[in-house]
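K.L.:
quick one: sequence and predicted model below, then my questions.
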Amino acid sequence: MMPGTMVIRNGYVFDPLNEIDGEIKDIFIKDGKIVDDLKGSSLRDAKVIDAKGKTVMPGGVDSHSHVAGAKVNGGRMMCPEDRYKWVTKKTDITHSGSGNTVPSVYVQGYDYAKMGYTTVFEAAIPPMEARHTHEEIRNTPILDMGGYLVLGNNWFIMRYLKEGNIEKAAAYTAWMMRTHKAYGIKCVNPAGVENWGWGQNVSSLDEPNIHFGITPREVIHGLAEVNEMLGMPMSLHLHANNLGHPGCWETTRDSLEVTRDVKVKCKMDVEWQKTKIDPQRKQSVYMAHAQFNSFGGTSWGDFESGAKGIIDYVNKTDHVVIDNGAVPFGPATVMTGDGPAIHHLYKLTGNKWSNKDIELECGSGILSFNYLKANPVHSVEWAIGLELLLLVNDPWKTIMTTDHPNGGPFTKYPQVITWLMSKKARDATFAQCHKWAQDRSSLGGTDREMTLNDIAILTRANPAKTVGIAHRKGHLGAGADGDVTIYDFDPATFDANDYTKIIRGFQNAAYTIKDGGVVAQDGQILSVPQGRTFFSEAHMDDGIEKEMLKDVKQWFKYYTLGFANYPVPDKYIRNPSPVQVNKPLEAIVVR
Amino acid sequence: MTEIILRPKGSIDIMVEAEVINPDIFAGKTTSEIEEMIVWQGAKQLALSEFFDVEGSAGSAAADTKIIVQGDVPRVKHIGHGMNAGEIVVEGSAGMHVGSEMTGGSILVKGDAGSWAGMEMKGGTLHIIGNAGDHVGCAYRGSWRGMNGGKIIIDGNARSQLGGGMSGGEIHVGGSVENFAGIRMNNGLIVVKGDAIRGVGAQMSGGIFVVSGKIKQLSPGFEYAGTEKNPKAGETVLSGEFMKFTGDYAISKSPKGILYASKDANEEV
């Protein structure tokens, strides 16, 4: 048998980017890549998997998860109770591990693979903690990974944007992407986390922050412009201001409006496959964990879902993609670059928490949390998370996440998918949780039950498209990576009312195939290949970069580490897979 | 009730993890099956018969099974850990974690018990005639959710962090306790007949804590709420005159914790 060469026979294929919706067909993989056909000796030597009566999808892509880095490990250290009752034994090929809401890196890799995921993006790398992030990525088995660099409160970015110097901000961003081997731009509570250094926050899009005098609106617009000037694979990943406060949905809607006039331009040097649906992103903003930013009401007393305002906005515009950040109930560990939001949660709950200032760059916080069905607010949050996906008409504008481990651990994805696919499952939960879920959201009013094709869009095709990796992930057309998931569902007899079966089916894929090799089968890990690390080799005009670096070196006296020690050395990067962005020649033209 | 006797074979050096000593696990098993049950000692897995002679037989159900440990086993841990029904009598002292996470049935320890006795217990009765170590009925490391049901009776003294994170059930201590008893408790009842050193009820947000002896150093976040004669703490009627405090205001703005301290023993408070 040839490694990486395989035929998957007779499955019902769901490949939304190629507009294949449950067609029975064979999938061929040669040397780890999808091909149209296999002939002769390749076909003879290929491993054959019989997928008759089963569902075949591209390997899962998680575009928003917190799985590597300092705050993730902080969550592990802070919560021994999340570990000793959740122990995974080693096998001949797998490492031991522990953890429920924040598993150890090995368990994360195995658990994602068992569910059929092959690609996961860490959604917040504080630049100074990039090394730590890559250390954890390096030790995560199986998964291809990348991460987004937190820049929304970075001193250089705020200074350049306030000066109106977009080119320098872009040069800095490009240099930072290369320096820290990061993939995209994350913007967390823009301008607000900087204020948190003085115990304050910003409360509106037009409130200038301390010292820099820059407003959230200016940061969001500026970073979106920088993003498109460089032509980054993904758009800005935005964690909007006022997160977690009743009534925050209005700030969220207004934040989304900020990038409406920004022209989308990807300048990646990659080979795009010919898929039926354009694999390139259309959005200029990718809204993170929309659930936490869709709170309605004015206080916890009249708290209600504010999802409608966001849903209406997303439905009528074309420049936004959201991931939902669902709340599946149960233990969670809340971790974010939004330090003041964590402090706010601590004041509400009294739970154990921590906060950290990341010098000139950003902040962060962690808090141990438990979402309870009996709690009225938590119940509404559960409803909001599902409303946001079910009531946005175009599934290509939505992505399913739990903002792991903020809404709940990624191992609850099967439960979230089941709620999306089964009204009966939602009704069963309504019956168990607080009546506010029914009374203060519109979730009860929708009968929509997502199809397997919708789920394929929300869990692989659209995350891949949104973060600009659909040239190799999220579809099954020739040239794509040989990442395929086979679920034990027969679409011909699929019954949305049998929701326990849906959960079980998504918990353990029948087969998870990565680069043409089986990594997991029915919940067992069969092989542990090392994944790739994706990052953006972004470029800007050399002259501007030189000027920018003068500024950086001058302010580096405020850092606690030396300039020479700042970059992440190449040896930290596991299987580096750089994406060339805005090649130098094009960059010069900008001037 | 069918009796099964475990007779210690001698002294034990490295502590033995023996959560198999549990009526739920013994029930329906033959004597030889019980002898062959696996316990951990350090990195080694050994048969229970390495450490005990087994006599008698187990009942068909846990509720019909009484396990008698005939001797001192201070280095045998987790006796009755998670038990649901039946009875265990330890005729000497028991090691750490006796009755941890038990949900029903009863355990009687005639000697002393090590730390973590009745840790995160949910039901049943644990009676220790001697003294107990630290963390009786307490939440385990990192967790803030301690005992939430059942009853622990200690005739002797207990050390620190008794009832930490307690959210239900009762603990009665005949002797004294040391530091931070009832830390972070939010419900339930703790009665200490003897004295306490300091930190009694620290960060408590609910429940009742009674000290019939002297509190050497009262936690600063408690407010005096009058003196009561023979107050009632849950079902328990206390005899004598008690100063009533509410707290702990150090963390919560409106805590529902109540602390009774004997008036006579705590005149200088």
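P.N.:
That came in fine, so what should we check first?

K.L.:
neighbouring strands - and their directions - for the helix or strand hosting A:Ile366?
P.N.:
Assigned by DSSP states H and E, A:Ile366 belongs to strand A:362-371. If you go by DSSP bridges, strand A:362-371 pairs up with strand A:330-336 (antiparallel), strand A:353-358 (antiparallel).

K.L.:
dump that strand to PDB, restricted to CA.
P.N.:
The C-alpha coordinates for strand A:362-371 follow below in PDB (Å, rounded to 0.1, in the frame of the first residue of the first chain):
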ATOM      1  CA  CYS A 362      -2.100  43.800  25.000                       C
ATOM      2  CA  GLY A 363      -3.500  42.100  28.100                       C
ATOM      3  CA  SER A 364      -5.300  39.000  29.200                       C
ATOM      4  CA  GLY A 365      -7.400  37.300  31.800                       C
ATOM      5  CA  ILE A 366      -8.600  33.900  32.800                       C
ATOM      6  CA  LEU A 367     -11.600  32.900  35.000                       C
ATOM      7  CA  SER A 368     -13.000  29.500  35.900                       C
ATOM      8  CA  PHE A 369     -16.700  29.300  35.000                       C
ATOM      9  CA  ASN A 370     -19.700  27.000  35.000                       C
ATOM     10  CA  TYR A 371     -22.700  27.600  32.700                       C
END
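
K.L.:
any idea how far it is from the chain center?
P.N.:
In terms of CA atoms, centre = their mean, to the nearest Å, the gap separating the centre of strand A:362-371 from the centre of its chain is 17 Å.

K.L.:
next one: stretch B:81-99
P.N.:
Distance, stretch centre to chain centre, for stretch B:81-99: 10 Å (CA atoms, centre = their mean).

K.L.:
tell me the span between the first and last residue of that stretch.
P.N.:
For stretch B:81-99, the first-to-last residue distance is 5 Å (CA to CA, to the nearest Å).

K.L.:
how about the strands paired with strand A:362-371, which one is nearest B:Val98?
P.N.:
B:Val98 lies closest, by CB to CB, to one member of those: strand A:330-336, at 27.6 Å. No exception for glycine: its C-beta is placed from N, CA and C like everyone else's.

K.L.:
contact partners for the closest residue to chain B within the stretch 401-550 of chain A?
P.N.:
Across the stretch 401-550 of chain A, the shortest distance to chain B (CB to the nearest CB) belongs to A:Pro405, at 15.4 Å. Applying CB atoms under 8 Å, 6 or more residues apart in numbering or on different chains to A:Pro405 gives the contacts A:His66, A:Gly75, A:Thr101, A:Val102, A:Ala332, A:Thr333, A:Val334, A:Met335.

K.L.:
now do the buried residues in the following helix or strand past the strand holding A:Ile366.
P.N.:
The element immediately downstream of strand A:362-371 (helix or strand, assigned by DSSP H and E) is helix A:376-390. Across helix A:376-390, burial judged by 16 or more other CB atoms under 10 Å in any protein chain shown covers A:376-390.

K.L.:
with stretch A:556-576 instead?
P.N.:
By 16+ other CB under 10 Å, the buried positions in stretch A:556-576 come out as A:Tyr566, A:Pro567, A:Val568, A:Tyr572, A:Ile573, A:Arg574.

K.L.:
same thing with stretch A:207-219?
P.N.:
Using 16+ other CB under 10 Å as the test for burial, stretch A:207-219 gives A:Glu207, A:Asn209, A:Phe212, A:Ile214, A:Thr215, A:Pro216, A:Arg217, A:Glu218, A:Val219.

K.L.:
same question for stretch A:421-432.
P.N.:
A:Met421, A:Ser422, A:Lys423, A:Ala425, A:Arg426, A:Thr429, A:Phe430.

K.L.:
hmm, the second one is touching A:Ala496, no?
P.N.:
Read that as A:Ser422. Yes: using CB atoms under 8 Å, A:Ser422 is in contact with A:Ala496, at 4.4 Å.

K.L.:
any common contacting residues for these two?
P.N.:
A:Glu449, A:Ile502.

K.L.:
pipe the buried residues of stretch A:556-576 into TSV and attach pLDDT per row.
P.N.:
Output for the buried residues of stretch A:556-576, formatted as TSV (pLDDT from 0 to 100):
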residue	pLDDT
A:Tyr566	97
A:Pro567	97
A:Val568	97
A:Tyr572	96
A:Ile573	97
A:Arg574	94
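
K.L.:
reformat the residues you listed as CSV; add secondary structure and distance to chain B.
P.N.:
Rendered in CSV, the data for these read as follows (DSSP: H, G, I helix; E, B strand; the rest coil; distance: CB to the nearest CB, whole Å):
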residue, secondary structure, distance to chain B
A:Tyr566, coil, 34
A:Pro567, coil, 36
A:Val568, coil, 31
A:Tyr572, helix, 30
A:Ile573, coil, 33
A:Arg574, coil, 31
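
K.L.:
return the member of those nearest to A:Trp249.
P.N.:
For these, the closest approach to A:Trp249 (CB to CB) belongs to A:Val568, at 37.3 Å.

K.L.:
ok, the closest one - contacts?
P.N.:
Shown in contact with A:Val568 (CB under 8 Å, 6+ apart): A:Ala130, A:Arg131, A:His134, A:Thr179, A:His180, A:Lys181.

K.L.:
most widely separated two among the residues you listed?
P.N.:
Counting by CB to CB, the most remote pair of the contacts of A:Val568 is A:His134 and A:Thr179, 11.9 Å apart.

K.L.:
neighbour count winner among those two?
P.N.:
A:His134 (27 against 16; other CB atoms under 10 Å in any protein chain shown).

K.L.:
part of a strand, is that one?
P.N.:
No: A:His134: not assigned to a strand; according to DSSP: H, G, I helix; E, B strand; the rest coil it is helix.

K.L.:
distance-wise, check it relative to A:Ile469.
P.N.:
18 Å (CB to CB, to the nearest Å).

K.L.:
same question for A:Val579.
P.N.:
Distance from A:Val579 to A:Ile469, counting by CB to CB: 8 Å.

K.L.:
nearest residue to A:Trp272 other than its sequence neighbours?
P.N.:
Leaving aside its sequence neighbours, A:Trp272 sits nearest to A:His471 (CB to CB, 6 or more residues apart in numbering or on different chains; 5.0 Å).

K.L.:
correct me if wrong: that neighbour contacts A:Pro279.
P.N.:
Yes: counting by CB under 8 Å, A:His471 touches A:Pro279, with 6.3 Å between them.

K.L.:
which residues do these two both contact?
P.N.:
Common neighbours of A:His471 and A:Pro279 (criterion: CB under 8 Å, 6+ apart): A:Trp272, A:Gln273.

K.L.:
which residues touch the closest residue to A:Pro208 other than its chain neighbours?
P.N.:
The shortest distance from A:Pro208 to any non-neighbouring residue, by CB to CB, 6+ apart, is to A:Thr215 (5.2 Å). Contacts for A:Thr215 (CB under 8 Å, 6+ apart) come out as A:Ala191, A:Val202, A:Leu205, A:Asp206, A:Glu207, A:Pro208, A:Asn209.
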